[in-house]
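Trainee: sequence first, then the predicted structure, then my questions.
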Amino acid sequence: MSDTSITNSQEPLLTNDGVPLKESLRKSLRRTKIRSFLLILAPLSFLLFMFVTPIGSLLSRSIDDIQINNVFPQTFAQYEQWEDKSQLPSEEMFAAVINDIRVTIKIKDSEGNLIGKNLLGRSGTRMTYEYSGWKSLISKTVKEALKVDKKSKEDVKPFKWEAPYKEKMIKRDKRWAKVEFWQSLGAMKDPYTMGYYLNAVDLKYDANKNIVQKEEYLKIYNTIWVRTLKVSLMVTLFCLLLAYPVAYLLATLPMRTSNLLMICVLMPFWTSLLVRIVAWMIMLQQNGVVNDTLINILPCFEGMVNLPFFGATNIDLCFSDEDRIPMMYNFTGTIIVMTQVLLPFMILPIYSVMKGIPPSYMKAAQNLGATPTWAFIRVYMPQSVPGIGAGCILVFIVAIGYYITPELVGGKDGIMIGNFVAREMQRTLNWGLAAAMGAILLAAVLILYWAYDRLIGLDNLKMG
Amino acid sequence: MKFPSYTTPREKLWHYTYRIFCGLVLFFLVAPLIVVIPLSFNNSVFLQFAPEMKFFSFETWSFNFDGYGTRWYKELFGICSANSGTTVCTDRWMIGFKNSAIIAIFATFFASVLGTLAALGLSNRHMPFNRLIMALMISPMIVPLIITAAGMFFFFAKVNLVATLPGLIIAHTILGIPFVVITVTASLSGFDNNLLRAASSLGGTPLRNFFKVQAPLIAPGVIAGGLFAFITSFDEVVIVLFVGGPDQYTLPRQMWSGIRNEISPTILAAATILVIFSIVLLSTLEMLRRRSEKIRGITPH
């Protein structure tokens, strides 16, 4: 027997070339590993360079506070020495501000263009995020600090303003006498800040760098976070409620019929999202198909009726023009459209899991005395849970980062955090805040993604 | 529908309620798409069913198609008479269509190549960090588009890719890769590696083995993934809004601005064409699926 000869022999097994088999196998394994690595190399490096790097650099903006530290180094150094922070700082700190401005204004970029003004403007914008008013205060002070004495006969004309600055600055703009402005510098003095993240969840630093709630009238984002969560959860729930019965029907019908019905599920999946949004606008707008249909088909009764106990009463049971339901450009619209858009993402995973449940189990359960309902609840449903999990996570992940649908049909009370990221990016240009909100959103998505991989496995992610 | 004789009336009722519910859900899925089609043939400037669009009158029992016409299709294709009325005659739709097609074709090509390479490499179970790399490859599908778009905006600005065609192609390639990876991985999971061993024992070089043996078997997966990548690129608007230049019209972008600003039924004409387009794609995919099942000898379910 060859088996016994293998176990009995003391020498290692050799291949034809006289190399030990173990060695040879290891070599071949290494070769396949290298080959696989070479195959992956191109797509992986492409993705790392063009996808991971951009997102990484976006996220780094959410904590980056280096710019303002480069512009106002002396001021921040003075801030460290400012002892009683409830009193106005001393003359040195006022002088530091002026000096920093005068140094910065001379900064040139690599091509020799003066960029100091730009840098100061950006710093002013950054400072306004901490305490509103900084921007105009800085630009006013910059103008004043750079005025030169034109009558002077020297080559380099001296500045009009000379030390001591404290009184002059306060005289020029009373805001310099407000200690809150000075206190707000504390939140900016480190090259890295959590300020954008705090801002994104309606918190802020106070004078002593403690984290506190923002004033009520400045709070915007918490409601948006809550709404994003609410919309995502509601859409997931509605999708599940609508998808589960349909998936069951598709899984139990004969192949031919279910394939036909499957087209209804896949059709929207394959149609442009914008087309579907346009379609829903036609359906749901005030003069849209749904409202028109309601007016046309609902029975209409209006008139005086002599009711017992009530006497003559005017009854209006009509669904008329003034009763048209607003379903577009609001919360309802967002929910309806998103549910339709994401429904296939729920149906398909549940369907593919249900397809694998042998129908004989239900029959066996009924044979053992369960009613059909009981058999369904105790035997069928537990087996379909992986599909439910996959569908719910998938729908939730996609829903939470939605931008297009809320932007187009959401109106005021339907917009979500994705829309605020875009708004900060494009309109207010507060990129740090946009990055911070994006980072929080991304973290949520990645946690769910990880959970999906753990629970269901990415290999089971199927399309269509 | 035939029920067994022991079915109680309550069960029958439940059964019909259930069927009706499912029918309504399926209706909910397709109804909006169907509504678009007749509306795109209307003659008025409104995005709603005007009274003159009632093509059948119960009073006179006759058809009347006066409310219908191909006006908006003409406008879509840039053929419009001077007196066409309120909306501006523009060839942006056609430019957009052309741009979208160019971007989508290139993006699909690159995504298919890169995605297939990645899936082939990842199919090796001994590869270190297999799972992590797989997760990374699929992540462009999962990361919210708005974050991808914002990141690319800053990055592309640094490397001078903003408002360029290559920039958009690169971005759309990235969005397409996950689809190809998923579909090719799925078709590789049914692949018997012994076939490759047999081929090389018959003297084939690895490259020849791949093209002669493996490629035909994973081809349906590649094509399916490519179709997904194509449709994704063809329908993508967020990245175009962030990374594209102001005169880089694409079809979705034109629809976007149409929805936001000058809402005109031209959108409906475009939408109808896209719906038909998606029907064609869907049938292609279905054919591919059947073919792949036939090749691999799997009877449908």
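Mentor: Perfect, I can see it now.
Trainee: okay, now the closest residue to chain A within the stretch 101-250 of chain B: neighbour count?
Mentor: Relative to chain A, the nearest point of the stretch 101-250 of chain B is B:Pro144 (2.5 Å; Cβ to the nearest Cβ). Yep, even glycine has a C-beta here, placed from its N, CA and C like the rest. Counted with other Cβ atoms under 10 Å in any protein chain shown, residues neighbouring B:Pro144 total 23.
Trainee: for it, which non-adjacent residue is spatially closest?
Mentor: Nearest non-adjacent residue to B:Pro144, counting by Cβ to Cβ, 6 or more residues apart in numbering or on different chains: A:Gly401, 2.5 Å away.
Trainee: for the one you found, give me its contacts.
Mentor: A:Gly418, A:Leu441, A:Val445, B:Val143, B:Pro144, B:Leu145, B:Ile146, B:Ile147 (Cβ atoms under 8 Å, 6 or more residues apart in numbering or on different chains).
Trainee: make sure A:Leu59 is indeed in a strand.
Mentor: No: A:Leu59 is assigned helix when assessed by DSSP: H, G, I helix; E, B strand; the rest coil, not a strand.
Trainee: any idea how far chain B is from it?
Mentor: For A:Leu59, the distance to chain B equals 8 Å [Cβ to the nearest Cβ, to the nearest Å].
Trainee: where does the chain have its least confident helix or strand?
Mentor: In the absence of a named chain, chain A is used. One helix or strand of chain A scores below all others by mean pLDDT, DSSP states H and E: helix A:2-8, with a mean of 49.
Trainee: try chain B instead
Mentor: Per-SSE averages on chain B (mean pLDDT, DSSP H and E): minimum strand B:56-57, a mean of 64.
Trainee: count the neighbours of A:Leu13 for me.
Mentor: 12.
Trainee: got it, and A:Leu137?
Mentor: Residues near A:Leu137, counting by other Cβ under 10 Å: 21.
Trainee: which helix or strand contains it?
Mentor: helix A:134-145 (DSSP states H and E).
Trainee: tell me where the stretch 301-450 of chain A has helices.
Mentor: Secondary structure of the stretch 301-450 of chain A by DSSP state H, counting those that start in this stretch: the helices cover A:331-355, A:360-367, A:372-375, A:381-400, A:404-409, A:417-423, A:431-455.
Trainee: tell me which of those sits most buried.
Mentor: Among those, ranked by average contacts under mean count of other Cβ atoms under 10 Å in any protein chain shown, first place goes to helix A:404-409 (a mean of 25).
Trainee: packing partners for it?
Mentor: With contacts taken as 3 or more Cβ pairs under 8 Å, 6 or more residues apart in numbering or on different chains; DSSP states H and E, helix A:404-409 sits against helix A:273-284, helix A:331-355, helix A:417-423, helix B:251-260.
Trainee: name the residues that touch the host helix or strand of B:Ala198?
Mentor: Assigned by DSSP H and E, B:Ala198 belongs to helix B:193-201. Where contact means Cβ under 8 Å, 6+ apart, the residues beyond helix B:193-201 that reach it are B:Pro206, B:Arg208, B:Asn209, B:Lys212, B:Val213, B:Gln214, B:Leu217.
Trainee: phi and psi next, for the third one.
Mentor: Going back to what we said before, that points to B:Asn209. Per-residue torsions, B:Asn209: phi -60, psi -40 (degrees, to the nearest 10).
Trainee: name the nearest residue to it, sequence neighbours excluded.
Mentor: B:Asn209's closest residue in space is B:Ala199 (Cβ to Cβ, 6+ apart), at 4.2 Å.
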